[in-house]
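Chemist: quick one, fold the following:
(2 chains)
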Amino acid sequence: MATDTHATGDGLADATGVATHSADSAGMPQLNFEHWGNQIFWLVITLVVIYFVLSRVALPRIAAVLAERQGTITNDLAKAEDLKRQAGDAEAAYDKALADARAEAQTIIAEAKAEIAADLKVATDKADAEIAAKAAESEKEIEAIRASALENVAIVARDTAAEIVTALGGKPDADAIDAAVAERTKG
Amino acid sequence: MATEAQGAEGGGLVFHPMDQFIVKPLFGGTDVGMFTITNATLWMFLAVLAVIALMVLGTSRRAIVPSRTQSIGELAYGFVYKMVEDVAGKDALSFFPYIMTLFMFIVFANFLGLIPMSFTTTSHFAVTVVLALLVFFTVTIVGFVKNGSKFLGLFWVASAPLALRPVLAIIEVISYFVRPVSHSIRLAGNLMAGHAVIKVFAGFAAIAVVSPISVVAITAMYGLEILVSFIQAYVFTILTCVYLKDALHPSH
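Modeler: Numbering: from 1, shown residues only, chains lettered A, B, ... in the order given. Model (predicted):
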């Protein structure tokens, strides 16, 4: 053993010290039963202290903290679920409002269109009637103008014919001229 | 430390890998009596302080959003709570503070033992034997109180052929009484071996040629010991839960 080597190497004076040393530790200090009582005594005290500290203070406290945390997490999850539901409701309400507004806008547009169409129809009809009346009037005027023109043409033709007859040295026969002018202007 | 001093005096390659486990009075003298305050006492006391710091001071703010210390405390709580619930069943939860005590003490004693120059209380059989016997007696008493004579059904394997049952019963009884032995030696042995190996490598570090390898080896062993510290605490605790399950539900 190492101890023995040490003893022989170091001389007699130290050898006694080493010998007593190795005697009371018997190679393995763990097997020196003189020290067992001391260690067991202090171990029991140590265990009792740790047991009371843990069971009276530490473990209930940690259990409470863990339970509280679990509770908080559960609560927060429930709250989050609730908020999510509320958000969903709000979204549905928003969508509904949007759809309503759109429908209303559609009806307003349709109404306005109908109104405009009605107005337009009235105005168009009125304008058509006016145009028709004006056209009729104009036609009548044109008719009158055409009639008077024809009449004037006949008068001018008669006068011209009488003048031509006179210039040729004849005596204008009013009846013959009338008949001739009527004959020519007919067609 | 004594080891290094002696090594220097000797001038040669001298190992005292077990000296780190010697129980010494803290305030002079050489006699270790029942109530002497020793280095073992000091490191047990520090383990208690560490447990209080983590589990009481760390959680004192009771924050919904935990601080770092508080979340480690909650993690430890959840870890052991889940272990007890999963392994030993819901009715074992009344033993949760007891199992938590074992786990917290072992895990802190193991990790405090990794501090250089410290003393590893859980590397002593005196400590682990007491822990294992506490579990053994608790389990045995709980088993008989809750199940009465039906607890003996643990040793009588009803599913085996009748001829085999007495043989199996003997094996079961032996294995039942070996439990505290394996339970305690596993913990102390693992820690003692790891710490001793680190010390042996540290002795080699005195030789210049191999010292780089030795330092690397110490580092690697230290990493392994960190793992072992946690795993052994975990193993001790989960075995306690398994034994407790046997006591509460003795049928196979």
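
Chemist: show me what the host helix or strand of residue B:216 is packed against.
Modeler: Assigning secondary structure by DSSP states H and E places residue B:216 in helix B:211-248. Here helix B:211-248 touches helix B:68-83, helix B:96-112, helix B:125-147, helix B:165-204, going by 3 or more Cβ pairs under 8 Å, 6 or more residues apart in numbering or on different chains; DSSP states H and E. Every C-beta, even on glycine, is put in place using the N, C-alpha and C of the backbone.

Chemist: what's the average pLDDT for that helix?
Modeler: Averaged over helix B:211-248, pLDDT sits at 94.

Chemist: same question, stretch A:95-105
Modeler: If you average the pLDDT values across stretch A:95-105, you get 96.

Chemist: repeat for stretch B:68-86
Modeler: Across stretch B:68-86, the average pLDDT comes to 94.

Chemist: does that stretch reach chain A?
Modeler: Yes: using Cβ under 8 Å from any Cβ of the partner chain, stretch B:68-86 comes into contact with chain A via B:70, B:73, B:74, B:77, B:78.

Chemist: ok, residues contacting that stretch?
Modeler: With Cβ atoms under 8 Å, 6 or more residues apart in numbering or on different chains as the test, stretch B:68-86 has contacts from A:58-59, A:62-63, A:65-66, B:53-55, B:57-59, B:61, B:63, B:66, B:92-93, B:95-96, B:99-100, B:103-104, B:107, B:237-238, B:241, B:244.

Chemist: which among the residues of stretch B:68-86 next to chain A gets closest to residue A:49?
Modeler: Taking Cβ to Cβ as the measure, residue A:49 lies nearest residue B:73 of the residues of stretch B:68-86 next to chain A, at 17.3 Å.

Chemist: nearest residue to residue B:221 other than its sequence neighbours?
Modeler: Once flanking residues are discounted, residue B:221 sits nearest to residue B:198: 5.0 Å by Cβ to Cβ, 6 or more residues apart in numbering or on different chains.

Chemist: picking that back up, mean neighbour count added to the helices and strands packed on helix B:211-248, as a markdown table?
Modeler: Output for those, formatted as a markdown table (neighbours: other Cβ atoms under 10 Å in any protein chain shown):
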| stretch | mean neighbour count |
| --- | --- |
| helix B:68-83 | 17 |
| helix B:96-112 | 24 |
| helix B:125-147 | 19 |
| helix B:165-204 | 17 |
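
Chemist: out of these, nearest to residue B:20?
Modeler: Of all these, helix B:165-204 sits nearest to residue B:20, with 6.1 Å by Cβ to Cβ.

Chemist: hey, which helix or strand in chain B has the poorest pLDDT?
Modeler: helix B:2-10 (a mean of 42; mean pLDDT, DSSP states H and E).

Chemist: any idea which helix or strand comes after that one?
Modeler: Following helix B:2-10 in sequence order, the next helix or strand is helix B:39-52 (DSSP H and E).

Chemist: the inter-axis angle of that following helix versus helix B:68-83?
Modeler: On the basis of axes from the mean of the first three to the mean of the last three Cα atoms, to 10 degrees, helix B:39-52 is oriented at 100 degrees to helix B:68-83.

Chemist: list the buried residues for helix B:39-52?
Modeler: Of all the residues in helix B:39-52, those buried under the rule 16 or more other Cβ atoms under 10 Å in any protein chain shown are B:39, B:40, B:41, B:43, B:44, B:45, B:46, B:47, B:48, B:50, B:51, B:52.

Chemist: picking up where we left off before, for chain A, state which of the residues of stretch B:68-86 next to chain A is nearest.
Modeler: The closest of these to chain A turns out to be residue B:77 (Cβ to the nearest Cβ; 4.6 Å).

Chemist: for residue A:74, see how far away the residue nearest to residue A:61 when sequence neighbours are not counted is.
Modeler: Spatial nearest neighbour of residue A:61, chain neighbours left out: residue B:59 (5.4 Å); criterion: Cβ to Cβ, 6+ apart. Distance from residue B:59 to residue A:74, counting by Cβ to Cβ, to the nearest Å: 21 Å.

Chemist: who has more neighbours, those two?
Modeler: Using other Cβ atoms under 10 Å in any protein chain shown as the criterion, residue B:59 and residue A:74 rank with residue B:59 on top: 25 against 10.

Chemist: tell me the pLDDT at the residue nearest to residue B:221?
Modeler: Looking at residue B:198, its pLDDT is 92.

Chemist: that one and chain A, how far apart?
Modeler: Counting by Cβ to the nearest Cβ, to the nearest Å, the gap from residue B:198 to chain A is 16 Å.

Chemist: follow-up on the earlier one: gap between the helix holding residue B:216 and the chain center?
Modeler: Distance of helix B:211-248 from its chain centroid, counting by Cα atoms, centre = their mean, to the nearest Å, is 8 Å.

Chemist: which of the residues in that helix are buried?
Modeler: Neighbour-count burial for helix B:211-248 [16+ other Cβ under 10 Å]: B:214, B:217-218, B:221, B:225, B:228-229, B:232-241, B:243-248.

Chemist: got it, and stretch A:49-57?
Modeler: Buried residues in stretch A:49-57 (16+ other Cβ under 10 Å): A:49, A:50, A:51, A:53, A:54.

Chemist: which single one of these is nearest to residue B:180?
Modeler: Nearest to residue B:180 among those is residue A:51, at 19.6 Å by Cβ to Cβ.

Chemist: and chain A, what are its domains?
Modeler: A:1-31, A:32-185 (automatic domain parsing).

Chemist: what score does the nearest residue to residue B:26 once chain neighbours are set aside have for pLDDT?
Modeler: The spatially closest residue to residue B:26, leaving aside those adjacent along the chain, is residue B:37, at 5.0 Å (Cβ to Cβ, 6+ apart). We have a pLDDT of 89 for residue B:37.

Chemist: against the centre of chain A, work out the most remote residue.
Modeler: residue A:169 (104.9 Å; Cα atoms, centre = their mean).

Chemist: and the residue nearest the centre of chain A?
Modeler: residue A:95 (9.7 Å).

Chemist: quick one: contacts for residue A:46?
Modeler: By Cβ under 8 Å, 6+ apart, the contact list for residue A:46 reads B:44, B:45, B:47, B:48, B:105.

Chemist: let's go with 7 Å and repeat that
Modeler: For residue A:46, the contact set (Cβ atoms under 7 Å, 6 or more residues apart in numbering or on different chains) comprises B:44, B:47, B:48, B:105.

Chemist: distance to chain A and pLDDT added to those, as a markdown table?
Modeler: A markdown table is the format used below for the contacts of residue A:46 (distance: Cβ to the nearest Cβ, whole Å; pLDDT from 0 to 100):
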| residue | distance to chain A | pLDDT |
| --- | --- | --- |
| B:44 | 4 | 95 |
| B:47 | 7 | 95 |
| B:48 | 5 | 96 |
| B:105 | 6 | 96 |
